[in-house]
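Undergrad: Fold the following.
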Amino acid sequence: MQNQRLIAAALAAAFVLPAQAQKAGSNEDIVKRHFATLIGAEPKTAELTMFLTMMPKGGDLHHHYSGAIYAEQYLEWVDKQGYCVNKTNFRIVTEKPAIEAERAKPGPLRTCVSGADLVADNTTYRQLLQKWSSLDFYNHGADQAPPDQTFFDTFGYFGPVASTNTNEGLKTLKDRAIAENLSYIETIFELAPITPDADFDKLIASPGFNPAQLDAALAALAAKLEANPAFAKGIADYVANVRKSSAGIDDERFTMRYQPYVLRFLSPSIVFSQMLASYKLAQGNPQIVGVNIVGQESLAVSMRDYHLHMQMFKFLKAKYPEVKTALHAGELKLGIVPPEGLTFHIGEAVQVAGANRIGHGIDIAHEKDALGVMKTMREKKIPVEINLTSNEFILGVKDHDHPVELYRKYGVPFVIATDDAGVTRHSLSNEYVLFAKRYKTDYAEIKKLSYDSIRYAFLADADKKRLLKQLDDRYTRFEANIAESLSTARR
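TA: Numbers count the residues shown, from 1 in each chain. As a prediction, the model looks like this:
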């Protein structure tokens, strides 16, 4: 018994810290232990959700503006713009003659109605939400398209109002972010300016085109675009729209930055014109911090032109080495495309295009040099933007099928992000909850992920330091609050 007392005393002494260290570290230790109880053998989902909603989250680095706005707000904008919604196909009608003709009809005979009228009809309203988002997809038996098609189709429904009222939309996203303790969003904002060139498209498609001549052809097209007043106007208009839309967004609590995006399933000349415009935008405006390419990766054109697109990025990266790129790559799974289509997308995005971040990265296990690709990503600190809800809905990839555990094992950095939270109707806090529930983790890793979402942001150094310092302060308050609440609960 005496020996046991001596051992207990020695152990207690070993864990006694100097007074200053106790003060600095005790709250974090308490929170670490508390978080472990929430995970346990069976996660306490409700309390875990409350904890992770309260927890400071640095940034959301994979965030589509149009996909983040909920359908309910888009419907409000339908009325604000004076449009109407067709009750049979749920498409927005924008043509004034058609709208006026509908309004001239008696109410029961109208097929195109205002958003307010549609909301008043609960059945029709619910059907609209099912078309404009993922609502009810898995809990009703109506005929419906596959989940990936359902997801990408939503943008066609709310598209006519997606680029209107952007300042109001950004303010909504800001308020929602602050409510869940998120301090930074790097949003994929608006489509980059488009300047088509039929001659270039014809050249690229010609049977005799030599790929070795691609750089020369791109240089010629770039020079042609740069001499085109319409191309210059597109860039100027984009900058003006960002400035107008972002008015009042940044303050001491919240920061937002913007990425123009390129649509990968358009013609080669359009894709390149968007890329060049995006690089120029990112180089010339501090609010625009990176370039992205988006669009369904499994479409025939997206697959056909993937090598070409990566070569285009390589060409522009050489001209604008300081501009950051976050490329959607590997948002594919076995069966969606032929097996050989899974073997090179992430590798080429990293090793050819020089991507600074990878969006999704789902098919890494199928890459022809998966270990080599991950080694490069680890050594060059190229993180993967992990979007758990999106990957589950669009591709059906979740739990241990998801490669996040593969990236962890091989030391590839990653961040937790939302993708299109308005379409799939979730939040960043929910993504942290899914990660914590599905994969063995602890508070230290969760906290690191929060910090990494600032460390890997495409921010200016001064902004990054400022947000990291704020995050330090916010975690100090959060951990003190949790420790105090646990102490009060035990009394």
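
Undergrad: Show me where the stretch 1-150 of the chain has its helices.
TA: If DSSP state H, counting those that start in this stretch is used as the criterion, the helices of the stretch 1-150 of the chain fall at 2-14, 19-39, 45-54, 65-68, 71-80, 96-103, 115-120, 122-132, 147-162.

Undergrad: relative to helix 147-162, how tilted is the fifth one?
TA: Taking axes from the mean of the first three to the mean of the last three CA atoms, to 10 degrees, helix 71-80 and helix 147-162 form an angle of 30 degrees between their directions.

Undergrad: buried residues in helix 71-80?
TA: Residues 71, 73-79 are the ones in helix 71-80 that count as buried (16 or more other CB atoms under 10 Å). In short, each C-beta sits where N, CA and C put it, glycine included.

Undergrad: Relative to Gly208, which of those is nearest.
TA: The shortest distance between Gly208 and any of the buried residues of helix 71-80, using CB to CB, involves Tyr74 and amounts to 47.4 Å.

Undergrad: Run a quick neighbour tally on the residue lying closest to that closest one once chain neighbours are set aside.
TA: The shortest distance from Tyr74 to any residue other than its chain neighbours is 4.3 Å, reached at Phe158 (CB to CB, 6 or more residues apart in numbering). Here the neighbour count serves as a burial measure; for Phe158 (other CB atoms under 10 Å) it reads 27.

Undergrad: What of Asp251?
TA: Neighbour count for Asp251, taken as other CB under 10 Å: 9.

Undergrad: and this protein, what are its domains?
TA: 72-146, 166-471 (automatic domain parsing).

Undergrad: Checking Pro260 next. Helix, strand or coil?
TA: Three-state secondary structure (criterion: DSSP: H, G, I helix; E, B strand; the rest coil) places Pro260 in strand.

Undergrad: Next up, the contacts around it.
TA: Contact criterion CB atoms under 8 Å, 6 or more residues apart in numbering gives 189-192, 238, 274, 277-278, 281-282, 288, 291-292 as the residues in contact with Pro260.

Undergrad: among those residues, which ones are buried?
TA: Among those, the ones that count as buried (16+ other CB under 10 Å) are 189-192, 238, 274, 277-278, 281-282, 288, 291-292.

Undergrad: Need the per-residue pLDDT for Ile346.
TA: Among the per-residue scores, Ile346 shows a pLDDT of 98.

Undergrad: wait, it sits on Ala365?
TA: No. Under the criterion of CB atoms under 8 Å, Ile346 makes no contact with Ala365, lying 10.3 Å away.

Undergrad: of the two, who's got more company?
TA: Counted by other CB under 10 Å, Ile346 and Ala365 do not tie: Ile346 has more neighbours, with 31 against 13.

Undergrad: Shouldn't the more buried one be within a helix?
TA: Yes. Applying three-state DSSP, one finds Ile346 inside a helix.

Undergrad: Please report how far it lies from Leu434.
TA: With distances defined as CB to CB, to the nearest Å, the gap from Ile346 to Leu434 amounts to 22 Å.

Undergrad: cool, and Pro106?
TA: When distances are taken as CB to CB, Pro106 and Leu434 turn out to be 49 Å apart.

Undergrad: Please apply the same query to Pro268.
TA: Distance from Pro268 to Leu434, counting by CB to CB: 38 Å.

Undergrad: Over to Thr441?
TA: From Thr441 over to Leu434 the distance is 11 Å, taken as CB to CB.

Undergrad: From what I see, Ala483 and Arg33 are in contact.
TA: No. Counting by CB under 8 Å, Arg33 is not a contact partner of Ala483; they are 10.2 Å apart.

Undergrad: Can you report phi and psi for Ile288?
TA: Recorded main-chain torsions at Ile288 are phi -100, psi 110, according to degrees, to the nearest 10.

Undergrad: residues in contact with it?
TA: Taking CB under 8 Å, 6+ apart as the definition of contact, the neighbours of Ile288 are 239, 242, 257-260, 281-282.

Undergrad: ranges for the strands of the stretch 101-250 of the chain?
TA: Taking DSSP state E, counting those that start in this stretch as the criterion, the stretch 101-250 of the chain contains strands spanning 112-113, 182-191.

Undergrad: right, and the residue nearest to Tyr74 touches Ala71 too?
TA: Yes. Shown here, Phe158 and Ala71 form a contact pair, counting by CB under 8 Å, at 6.6 Å.

Undergrad: Need the residues touching each of these two.
TA: Between them, Phe158 and Ala71 share the contacting residues Trp132, judged by CB under 8 Å, 6+ apart.

Undergrad: Buried deepest among the domains of the chain, which one?
TA: Taking mean count of other CB atoms under 10 Å as the contact definition, the stretch among the domains of the chain with the greatest mean neighbour count is domain 166-471, which reaches a mean of 19.

Undergrad: ok, and the closest non-adjacent residue to Ser298?
TA: The shortest distance from Ser298 to any non-neighbouring residue, by CB to CB, 6+ apart, is to Ile336 (4.8 Å).

Undergrad: Spit out the contact partners of the one you found.
TA: 148, 298, 395.

Undergrad: Show me which of those is closest to Tyr475.
TA: Checking the contacts of Ile336 against Tyr475 by CB to CB gives Leu395 as the nearest, at 33.6 Å.

Undergrad: residues touching that closest one, list them.
TA: Leu395 makes contact with 148, 331-333, 336, 362 under the criterion CB under 8 Å, 6+ apart.

Undergrad: pLDDT wise, what is it at?
TA: You'll see Leu395 listed with a pLDDT of 94.
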